[in-house]
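S.K.: the amino acid sequence is not available; the structure is as follows:
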């Protein structure tokens, strides 16, 4: 079990100017996995990445690489490479020399450099661009050069710091697929930092949701989406209705003034909880069939679905449905036990046991 | 509208740049009686020695300024912001005082009966001949022109994106390799303008060489002598100036080509 953890962060604490950026972070990353650190800006995800790269030294805690402690090892001696935000390509070098940079530093023979650079250019679809100046490339092409420049060194771990943030939506989506393909074909570990939950969900094997310098939840994309561990995760990953509720007993919860069957247990009797319901999990039925009765307040066409806001005695429900309702109509709302997610009010218990990727105290 | 705004500047340039240049050319190609002649230009050949001497002293001063200024610029550009401001200020403060006054102060320091020699005598050490030497001229030039080397290099270096340095470290560069492979090539434009800003005034100076060097070592002194001094040959002075200007222009052109290929060489 230990052997397959390529990176292990233990009790990492980082402070900048007295402000705590990472608060006792524990995380392990398995070999050959695509791990995404996801969170709002200032949550500590980039700092975590920079600790692995060696640009930030934690005030306390251990950084292990292949079970060896690498605290204090300078960046240039670490078997990791980084793709920087906005790429940081060398403006004085052309495409070929940018990609060959790492190999030149290692005094690789010229013939091998040539072979490996052309291999890389093929991998990132930039054949024929060798002599181009990097400043004359489009954002997407610069991105590809940055990938090639990092990957050519055959790092054990590739660190990606919001690499797609500067690209437009269409390009971002195609680069997501491409990155995933590159990761699979090279078989190296990717640690990917983003604030874009969609990006995280579509590319990752494992998502680490962070907030305020602490890990909120670790799990597979489906785990994180379907079983958010607390209100923050639920709110950050996709859109959610989050309401106060009371867990009357096992498998039974009251919220919005009505009792519902649910699939959760193990809470104290009448414990106040957060209840999360995804907008697409709410079924709109006729008023007499519904568990709740609401009035349609607005209805906006979003392409794949209609986004509706429904008012039920002051509770606002966001509902996604492929069928539009008339504004002002009375409708019934039905929520199945499976679609009700119960969360502790405080964010104490956030360790994802089924994912087994890490822990947080 | 745009044209009207530019007009005063055009007039300024016409009066203070174009007209004097035309006059230099006119005097260079005329005799004292006013007739067209090549004699002045031909006579410039006699001063080849001073030309070479000037370029040598200018080149030595420029190299010393570069050796001192480059690390200084690097240190300033890597300091914290308020330290940066202070250091830039310290570089500029001497320039608030008149150039002539500063050079005169060096004179009083270096003279045979100057402050340094008096101190040496007090400790019963032999007096040194410092004034009227090549060394004194070079010292004066380095002292006066060093800020012109530091500032352009500093401003280019301060603009180097810090992430490029991190990227280089990430790709395996230790500090030495970061400097050689990233900082040095990216600061070439600053170095070139620094060299230009130091070399041109050094090679053509006359005040520093007159006050600290005795007054006949450099081509600037000769020109001054033709125009103001005893020689009083305006036409020859104009001719020497013209040749000096052309030579400097050619040097700078070569310099710039060298600068361009420099960055291209590292491209290949």
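M.R.: Arrived safely, thanks for sending. All of these numbers come straight from a predicted model, not from anything done at the bench.
S.K.: just say helix, strand or coil for residue A:275.
M.R.: Counting by DSSP: H, G, I helix; E, B strand; the rest coil, the backbone at residue A:275 sits in strand.
S.K.: what of residue A:308?
M.R.: Quick answer, by three-state DSSP: residue A:308 is strand.
S.K.: quick check: it vs residue A:64, distance?
M.R.: Noted for residue A:308: a distance of 50 Å to residue A:64, by CB to CB, to the nearest Å. In this view, the C-beta of every residue, glycine as well, is placed from N, C-alpha and C.
S.K.: ok, now residue A:297?
M.R.: Distance from residue A:297 to residue A:64, by CB to CB: 53 Å.
S.K.: compare these two (neighbour count), which wins?
M.R.: Comparing residue A:297 with residue A:64 by neighbour count (other CB atoms under 10 Å in any protein chain shown), the higher total belongs to residue A:64, at 17 against 13.
S.K.: and that one, that's in a helix?
M.R.: No - the assignment for residue A:64, made by three-state DSSP, is strand rather than a helix.
S.K.: so it makes contact with residue A:10?
M.R.: Yes - contact criterion CB atoms under 8 Å: residue A:64 and residue A:10 qualify, at 7.0 Å.
S.K.: how is the chain divided into domains?
M.R.: This is for chain A. A:2-226, A:242-344 (automatic domain parsing).
S.K.: my bad, the chain I had in mind was chain B
M.R.: Following automatic domain parsing, one finds the domains of chain B at B:1-37, B:44-267.
S.K.: which of the residues in the shortest one are buried?
M.R.: When burial is assessed from 16 or more other CB atoms under 10 Å in any protein chain shown, domain B:1-37 yields the following buried residues: B:24, B:27-30, B:37.
S.K.: now, which of those sits nearest chain A?
M.R.: residue B:24 (39.4 Å; CB to the nearest CB).
S.K.: need the contact list for the closest one.
M.R.: B:238, B:241-242, B:245 (CB atoms under 8 Å, 6 or more residues apart in numbering or on different chains).
S.K.: name the residues of the stretch 101-250 of chain B found near chain A, please.
M.R.: For the stretch 101-250 of chain B, the contact set with chain A under CB under 8 Å from any CB of the partner chain comprises B:161, B:163-164, B:166-174, B:177, B:181-182, B:185-186.
S.K.: restricted to buried residues, select those in PyMOL.
M.R.: The PyMOL command for the buried members of these (criterion: 16+ other CB under 10 Å) is given here:
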select buried, chain B and resi 161+163+164+166+167+168+169+170+171+172+173+177+181+182+185+186
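S.K.: in helices, which of the residues of the stretch 101-250 of chain B next to chain A appear?
M.R.: B:163-164, B:166-170, B:177, B:185-186 (DSSP state H).
S.K.: can you redo those as JSON lines with pLDDT?
M.R.: As requested, these are exported to JSON lines (pLDDT from 0 to 100):
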{"residue": "B:163", "pLDDT": "91"}
{"residue": "B:164", "pLDDT": "94"}
{"residue": "B:166", "pLDDT": "93"}
{"residue": "B:167", "pLDDT": "95"}
{"residue": "B:168", "pLDDT": "95"}
{"residue": "B:169", "pLDDT": "94"}
{"residue": "B:170", "pLDDT": "94"}
{"residue": "B:177", "pLDDT": "93"}
{"residue": "B:185", "pLDDT": "92"}
{"residue": "B:186", "pLDDT": "93"}
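S.K.: where does chain B dip in pLDDT?
M.R.: B:1-2, B:259-268 (pLDDT under 70).
S.K.: report the central residue of it.
M.R.: With distances taken as CA atoms, centre = their mean, residue B:198 lies nearest the centre of chain B, 2.3 Å away.
S.K.: related to what we said a few turns ago, can you redo the domains of chain A as a markdown table with distance to chain B?
M.R.: Listed next are those as a markdown table, based on distance: least, CB to the nearest CB, whole Å:
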| stretch | distance to chain B |
| --- | --- |
| domain A:2-226 | 4 |
| domain A:242-344 | 37 |
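S.K.: so which of these is the most surrounded?
M.R.: Comparing the domains of chain A by mean neighbour count (mean count of other CB atoms under 10 Å in any protein chain shown), domain A:2-226 comes out on top with a mean of 19.
S.K.: circling back: let me know the closest of the contacts of residue B:24 to residue A:329.
M.R.: For the contacts of residue B:24, the residue nearest residue A:329 by CB to CB is residue B:245; the value is 88.1 Å.
S.K.: so which of the domains of chain B is the most surrounded?
M.R.: Using mean count of other CB under 10 Å, domain B:44-267 ranks as the most buried of these, with a mean of 18.
S.K.: quick one: residue B:106 and chain A, what's the gap?
M.R.: Counting by CB to the nearest CB, to the nearest Å, the separation of residue B:106 from chain A is 40 Å.
S.K.: ok, for that residue, nearest residue in space, not its chain neighbours?
M.R.: For residue B:106, ignoring the flanking residues on the chain, the nearest one in space by CB to CB, 6 or more residues apart in numbering or on different chains is residue B:140 at 5.5 Å.
S.K.: the one you found contacts residue B:100, correct?
M.R.: No - Residue B:140 is beyond contact range of residue B:100, at 11.4 Å (criterion: CB under 8 Å).
S.K.: ok so, going back, spit out the contact partners of the residue nearest to the centre of chain B.
M.R.: Residue B:198 touches B:61-62, B:65-66, B:141, B:145-146, B:148-149, counting by CB under 8 Å, 6+ apart.
S.K.: let's see 7 Å
M.R.: By CB atoms under 7 Å, 6 or more residues apart in numbering or on different chains, residue B:198 lies in contact with B:61-62, B:65, B:145, B:148-149.
S.K.: what's the answer for residue A:89, then?
M.R.: Counted by CB under 7 Å, 6+ apart, residue A:89 has contacts A:98, A:134, A:142, A:145-146.
S.K.: name the nearest of the residues you listed relative to residue A:171.
M.R.: Each of the contacts of residue A:89 was scored against residue A:171 by CB to CB, and residue A:142 proved nearest at 11.4 Å.
S.K.: any idea whether the closest one is helix, strand or coil?
M.R.: Residue A:142 is classified as helix under three-state DSSP.
S.K.: right, and it touches residue A:134 too?
M.R.: Yes - if you go by CB atoms under 7 Å, residue A:142 and residue A:134 touch, sitting 6.3 Å apart.
S.K.: against which helices or strands is the helix ranked longest in chain A packed?
M.R.: When chain A is parsed with DSSP H, its longest helix is helix A:169-186. With contacts taken as 3 or more CB pairs under 7 Å, 6 or more residues apart in numbering or on different chains; DSSP states H and E, helix A:169-186 sits against helix A:139-151, helix A:197-203.
S.K.: apply 8 Å and report the result again.
M.R.: helix A:139-151, strand A:189-194, helix A:197-203 (3 or more CB pairs under 8 Å, 6 or more residues apart in numbering or on different chains; DSSP states H and E).
S.K.: okay then, goodbye and thanks.
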